[in-house]
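**Q** Here is a sequence together with a model predicted from it:
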Amino acid sequence: MAEGVQELLSPENSATLDTESKGRSKEDHAEEEEEQKMWPAVNRYGPSNIRDLKPGRKMKWCTCGLTKKAPWCDGSHKRTGFHSLKWRVPEKPQSVYQICNCCYTKSPPFCDGTHTNLPLILEERQKNCPKKDGHPECEKLCNSCGWVPDF
């Protein structure tokens, strides 16, 4: 496996649903937590170079990958378990912001180059998805692996 790929496959690099942990063993909690990891779709492999952002302006970055206005949220995440990330343009502006489109960056909303190894990682995750048999019934997104119908 390529360097960094194993790290991207790890559960720590996904969004998590909130769960209650009372009355369960560590093993039960870890198993349930793994089952509840959410993986976004990939809108595009590579950043958007955004210019002329007004300092202090509030933006909503897409975390689900389904938006038609990448990299910004258009509300497509509804009924997927994802939520947009609220971001304020820094008061000290840059001339260009490289904003992530793959939704797997470790420094949102900025691109960190994670998209370089992502195609093979997603292919493997989707191939081994525990909900793979239910993909045809997915309306928007399988948040267990990032699979999207007709995207």
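**A** Perfect, I can see it now. Computed from a prediction, not measured in an experiment: that's the story for all the values here.
**Q** Now do the same for residue 120: helix, strand or coil?
**A** Assigned by DSSP: H, G, I helix; E, B strand; the rest coil, the conformation of residue 120 is helix.
**Q** So which residues of the chain form helices?
**A** 5-9, 26-35, 118-127 (DSSP state H).
**Q** okay, how far is it across stretch 82-100, tip to tip?
**A** 16 Å (C-alpha to C-alpha, to the nearest Å).
**Q** chain center to that stretch: distance?
**A** Offset of stretch 82-100 from its chain centre (C-alpha atoms, centre = their mean, to the nearest Å): 16 Å.
**Q** So what touches it?
**A** 15, 38, 40, 47-51, 53-64, 71, 73, 77, 108-112, 114-115, 143 (C-beta atoms under 8 Å, 6 or more residues apart in numbering). Glycine gets a C-beta too; all of them are placed from N, C-alpha and C.
**Q** What subset of those residues is buried?
**A** 15, 38, 40, 47-48, 50, 53, 59-64, 71, 73, 77, 108-109, 111, 114-115, 143 (16 or more other C-beta atoms under 10 Å).
**Q** Let's see which of these end up in strands.
**A** The strands, defined by DSSP state E, take in 15, 38, 48, 50, 59-61 from the buried ones among the contacts of stretch 82-100.
**Q** returning to what we had before: any idea which of the helices of the chain scores lowest on pLDDT?
**A** Lowest mean pLDDT within the helices of the chain: helix 5-9, at a mean of 43.
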